[in-house]
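Colleague: Any chance you could fold what I've pasted below:
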Amino acid sequence: MLTEAMIPIHDTDAVWGAWRARSNALSRTPQGFAERLSACLDLGVSWIDHADIYDDGAVENLHGEALTHLDGEQARRLRVISKCGVRFESPGQPGVRIAHYRSSADFITAQAEASLKRLRGERIDLYLLHRPDYLMAVEETARALEALVSSGKVASVGISNFSTHQLAGLTETLDLPLTAHQIELSVLANQALDSGVLEQARSLKAAILAWSPLAGGALFAEDRPVNVVLAHLAEREETDMASIALAWLRRIPGPVIPVLGTMSVERLQQQIEGLRRISLDEQDWYEILQAARGARVP
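Modeller: Numbers count the residues shown, from 1 in each chain. Just a heads-up that it's a prediction; the model follows:
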């Protein structure tokens, strides 16, 4: 029988993104972060999104420290996503003088092991290549990912921000299924509807993880024609505009799973409840798209 602790990424409806946790007074301590994790679990959100570059690994470390403030049952229910491959100048990345990407086997293996140490876990449930490396030696990268899975350090692998051609090149070589593709996708950032990325993910049975699903707040930051539509639908559904924007994402065949970055438990609860309750019909969905693009569909 499938328990909540065993819910695979394809069957979840939301992920909580932890990247801003240390910038929030209520979640920047191990106790505060543990309370956020507990709140996520109470809402049925067990997948937590990390990356090795989030505050130079300090967010992953915060997660690991927070586990001591959870009981064993809570810790077992958590599922962790992490990512590697992005390098830039920062105190935590000595020797880096320019932003670039890395995908060598030694680097991928070392970063996964470092993330596991910070997270205080035995396994990363989903490990993503954060960005496509233009210098990627595809066979070397594929063998490194396979080795991480065969060693038990990683349960499944995926990619983030790849084009269809870049993804095809990796899948042709990788002797593992890609479980997920994390891309920018929102009412405003809707290019994936036409790029082929969504169709490719469906053909591979890979979930789409939508980062910045509310356009980093820009969706509500200024007066836009789409806001009028979102506000009207929010009034009809007795909810807020954010919940309508998330329901719009969930209407896309996939699955399309939003990575929610709010640090407010109250907003997270409202967003989760809204995307689970609200069902937009075809005309609602296209009305939002046309208002966002400023033109009717051809």
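Colleague: going forward, measure contacts between C-alpha atoms and count neighbours the same way
Modeller: OK.
Colleague: Report the contact partners of Leu280.
Modeller: By C-alpha atoms under 8 Å, 6 or more residues apart in numbering, Leu280 lies in contact with 247-248, 251.
Colleague: I'd like those residues laid out as JSON lines, including distance to Leu43 and neighbour count.
Modeller: Below are these laid out as JSON lines (distance: C-alpha to C-alpha, whole Å; neighbours: other C-alpha atoms under 10 Å):
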{"residue": "Ala247", "distance to Leu43": "17", "neighbour count": "22"}
{"residue": "Trp248", "distance to Leu43": "20", "neighbour count": "24"}
{"residue": "Arg251", "distance to Leu43": "21", "neighbour count": "17"}
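Colleague: For this protein, just list every one of the helices.
Modeller: Remark: helices assigned in the chain by DSSP state H are 30-42, 58-66, 72-77, 105-119, 138-151, 164-171, 192-195, 197-203, 225-237, 241-250, 265-277, 282-293.
Colleague: Check which residues of stretch 90-109 are buried.
Modeller: 101-105, 108-109 (16 or more other C-alpha atoms under 10 Å).
Colleague: follow-up on the earlier one: nearest to Val149, of the contacts of Leu280?
Modeller: Nearest to Val149 out of these is Arg251 (C-alpha to C-alpha; 32.1 Å).
Colleague: What are the phi and psi values at that closest one?
Modeller: Main-chain dihedrals, Arg251, degrees, to the nearest 10: phi -70, psi -20.
Colleague: nearest spatial neighbour of Asn161, skipping sequence neighbours?
Modeller: What sits nearest to Asn161 in space, not counting adjacent residues and going by C-alpha to C-alpha, 6 or more residues apart in numbering, is Ile183, at 5.0 Å.
Colleague: Next, work out how far apart that neighbour and Arg296 are.
Modeller: Distance of Ile183 to Arg296, given as C-alpha to C-alpha, to the nearest Å: 25 Å.
Colleague: Looking at those two now, which is surrounded by more residues?
Modeller: Ile183 (24 against 11; other C-alpha atoms under 10 Å).
Colleague: Bridge partners for the more buried one, pull those for me.
Modeller: Per DSSP bridges, the residues bridged to Ile183 are Ala210.
Colleague: right, and it touches Pro213 too?
Modeller: No: using C-alpha atoms under 8 Å, Ile183 is not in contact with Pro213; the gap is 9.6 Å.
Colleague: returning to what we had before: any idea which of the buried residues of stretch 90-109 is closest to Gln74?
Modeller: Thr109 (27.9 Å).
Colleague: My guess is that closest one contacts Ala144. True?
Modeller: Yes: counting by C-alpha under 8 Å, Thr109 touches Ala144, with 6.7 Å between them.
Colleague: In space, what's closest to Arg293 - neighbours in sequence excluded?
Modeller: Leaving aside its chain neighbours, Arg293 sits nearest to Leu188 (7.7 Å; criterion: C-alpha to C-alpha, 6+ apart).
Colleague: before we move on, back to that, who are the contact partners of the residue nearest to Asn161?
Modeller: Contacts of Ile183 (C-alpha under 8 Å, 6+ apart): 160-162, 208-211.
Colleague: Show the pLDDT at it.
Modeller: Predicted confidence (pLDDT) for Ile183: 98.
Colleague: Likewise for Glu60?
Modeller: Looking at Glu60, the pLDDT reads 98.
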